[in-house]
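Novice: here's a sequence, model it:
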Amino acid sequence: MSVRITCTDCGHRTSPCRSQAQAAYAIRQHSCAKELAKQAAARRGRARRAAVDRTPKPCLHKRADHRHGTHACYVLDRCRCAPCSAANSSYEKRRAKAHATGRFTGLVDAQPTREHVRALMAAGIGLKRITALSGVSAGVLNKLIYGTPRTEGARRPPCRRITWETAVRLQAVRPGPATLAGGALVDATGTRRRVQALVALGWSKQKIADRLGMTRGNFGHTLENAQVRLSTARAVAALYEQLWDTPPAHAQWRDLSAYNRTLRYAREHHYAPPLAWADSDIDDPAAHPNLTGYDPDAVAAVMAGALVEGDEDLALALTRADRLECLRRGREAFAWHNDRQVCARLGLDYQRLAYDLASERSGRTPRGTADVDEIAVARIMAGDLPPERSRAADRVEAIRRLAAQGLPDQAIADRTGLTKDNVTAIRLRNGIASTIAPEYLPLGYSTVGSHRQTRNRTSRSTPSAVRADTSEGAALAPRRRPPAA
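Specialist: Take a look at the predicted model:
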């Protein structure tokens, strides 16, 4: 059972006690004057809180826009609405707790943070972007960098100290492409190279501008400038990643005309294709494209000694660019050797490489390898592209690949739409070997040795009588002069 006693003079009521004697002792120990003063203070507090205007007040600052429910709105706008009052109470509780536990950081020197913000501004990140990335208000940044204006027209100098939380948030922002705003100006080298690579692939500037949502005139001026907006650079990079290995459709004659015109324009202006650029070099102004077109894997295999070990497939797959690059690297690796000795060390054919060097010095391009359109070659091999609508280089490459598959001239002519005589002339003129597969040989024909060549030589040099014996497998005997009559 609990017992409580109330004072008749001041109205003080004791705490619950276990006995009447304990409650009487508690009532004797209290002070009526202190109780009356406490009650008076409580009445004054209630009256003071009732007199406070809890209506939300708007922010009257010209630049800042303080939101309700924040400590800044409570202090700067003097708003005493319920959310702002609760935010101020929470702030004061955290500050009191930090003081009590010894963790209050207080204010720190603002100079290091000010220098960091100015470095971000020099890197192209504006104050609005810093505000969005750090969460620090624009008013705090203006006071940190420029100070605050005074009523007489002068300006108060920048603040000397800021809170520790503000310093941590601002210094966490680092310069980089991801933190730049879309309107920031960046170097146009990578953007220009990506557009030129797409043009070299067959995409006209009009089609690229349409895909970017830009007009032809604005797009042309953008490529001529030394700097472009970051939003434009990002859009071009995304389009390049989408189209770098996809030529435009050119099945219809109008599209084919635009495609060929774009390729001719790219060749005249010496635009590098996408495969000539590495991802790490396309944005580097000091980098140069790999216009030679050599295969890095094949060159590395040759330098590792694959040809010396007898890799015939690699020897057949090497192009002129691969052989010249192997020679260049071999000259650097074996500086004390001449070209013939370098070819011997790497397993290269010196006579073939000498022809490649002469072609490179004279500027000649190997037949059948200049400006080959892979899509056109595939259509010619499938019989979808008529010969009169294809280029000579594409027809030569298609015949080269079909001959490598073991097809005879007649089968190649049936597939490509050419005549057999044209296929034979193209193959001989471009030095394409005819390796006929066994399934295309006549019945009973033997591919061992040079049977056909032996038979032809025998037919031309042996009389008919002896040729008949030869066909039956008889031994050849020398002819004897008939006896004189």
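Novice: average pLDDT across the helix or strand encompassing D297?
Specialist: Assigned by DSSP states H and E, D297 belongs to helix 296-303. The average pLDDT for helix 296-303 rounds to 85.
Novice: the following helix or strand past that helix: which residues count as buried?
Specialist: For helix 296-303, the following helix or strand on the C-terminal side (DSSP H and E) is helix 312-317. By neighbour count with 16 or more other C-beta atoms under 10 Å, helix 312-317 contains the buried residues 314-315. For glycine as for every other residue, the C-beta is placed from the backbone atoms N, C-alpha and C.
Novice: can you tell me the closest non-neighbouring residue to V75?
Specialist: N88 (7.4 Å; C-beta to C-beta, 6 or more residues apart in numbering).
Novice: and A72, what does it touch?
Specialist: Contact analysis of A72 by C-beta atoms under 8 Å, 6 or more residues apart in numbering lists 66, 137, 139.
Novice: just the closest of those to Q206, please.
Specialist: Nearest to Q206, judged by C-beta to C-beta, of the contacts of A72 is S137 at 46.1 Å.
Novice: quick one: stretch 286-300 to chain centroid distance?
Specialist: Counting by C-alpha atoms, centre = their mean, to the nearest Å, stretch 286-300 is centred 19 Å from the centre of its parent chain.
Novice: measure it end to end?
Specialist: 25 Å (C-alpha to C-alpha, to the nearest Å).
Novice: got the contact list for that stretch?
Specialist: Contacts of stretch 286-300 (C-beta under 8 Å, 6+ apart): 272, 275-278, 281, 314, 317-319, 321-322, 324-326, 329.
Novice: what number of residues lie near R150?
Specialist: 9 (other C-beta atoms under 10 Å).
Novice: not counting sequence-adjacent ones, nearest residue to L318?
Specialist: For L318, the spatially nearest residue (C-beta to C-beta, 6+ apart) is A298, at 6.1 Å.
Novice: ok, that neighbour - how many residues close by?
Specialist: By other C-beta under 10 Å, the burial measure for A298, its neighbour count, is 19.
Novice: what's the distance between it and L324?
Specialist: A298 sits 12 Å away from L324, taking C-beta to C-beta, to the nearest Å as the criterion.
Novice: which residues touch P83?
Specialist: 68-69.
Novice: and it, what element?
Specialist: helix 82-101.
Novice: counting contacts, what elements does the helix or strand following that helix pack onto?
Specialist: Once helix 82-101 ends, the next helix or strand along the chain (criterion: DSSP H and E) is strand 107-109. Other elements packing on strand 107-109 under the criterion 3 or more C-beta pairs under 8 Å, 6 or more residues apart in numbering; DSSP states H and E are strand 161-163, helix 164-171.
Novice: domain-wise, how is this structure divided?
Specialist: Following automatic domain parsing, one finds the domains of the chain at 1-42, 52-103, 107-171, 185-276, 296-362, 374-440, 446-472.
Novice: re earlier: return the closest of the contacts of stretch 286-300 with respect to A358.
Specialist: Checking those one by one against A358 (C-beta to C-beta), the nearest turns out to be L324, at 11.5 Å.
Novice: look at the closest one and say how many residues are nearby.
Specialist: Residues contacting L324 under the criterion other C-beta under 10 Å number 18.
Novice: quick one: low-confidence ranges for the stretch 151-300 of the chain?
Specialist: 151-153, 291-293 (pLDDT under 70).
Novice: ranges for the helices of it?
Specialist: Taking DSSP state H, counting those that start in this stretch as the criterion, the stretch 151-300 of the chain contains helices spanning 164-171, 189-201, 205-212, 216-224, 230-243, 253-268, 296-303.
Novice: with only the CA atoms kept, save the helix holding P83 in PDB.
Specialist: What follows is helix 82-101 as a C-alpha-only set of coordinates in PDB (Å, rounded to 0.1, in the frame of the first residue of the first chain):
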ATOM      1  CA  ALA A  82       6.500  23.000 -34.500                       C
ATOM      2  CA  PRO A  83       9.000  21.300 -36.900                       C
ATOM      3  CA  CYS A  84      11.600  24.000 -36.600                       C
ATOM      4  CA  SER A  85      11.300  24.000 -32.800                       C
ATOM      5  CA  ALA A  86      11.700  20.300 -32.700                       C
ATOM      6  CA  ALA A  87      14.800  20.500 -35.000                       C
ATOM      7  CA  ASN A  88      16.300  23.200 -32.800                       C
ATOM      8  CA  SER A  89      15.600  21.100 -29.700                       C
ATOM      9  CA  SER A  90      17.300  18.100 -31.300                       C
ATOM     10  CA  TYR A  91      20.300  20.200 -32.200                       C
ATOM     11  CA  GLU A  92      20.700  21.600 -28.700                       C
ATOM     12  CA  LYS A  93      20.400  18.100 -27.200                       C
ATOM     13  CA  ARG A  94      23.200  16.700 -29.500                       C
ATOM     14  CA  ARG A  95      25.400  19.700 -28.700                       C
ATOM     15  CA  ALA A  96      24.900  19.300 -25.000                       C
ATOM     16  CA  LYS A  97      25.600  15.600 -25.200                       C
ATOM     17  CA  ALA A  98      28.800  16.200 -27.200                       C
ATOM     18  CA  HIS A  99      29.900  18.700 -24.600                       C
ATOM     19  CA  ALA A 100      29.100  16.300 -21.700                       C
ATOM     20  CA  THR A 101      31.000  13.400 -23.400                       C
END
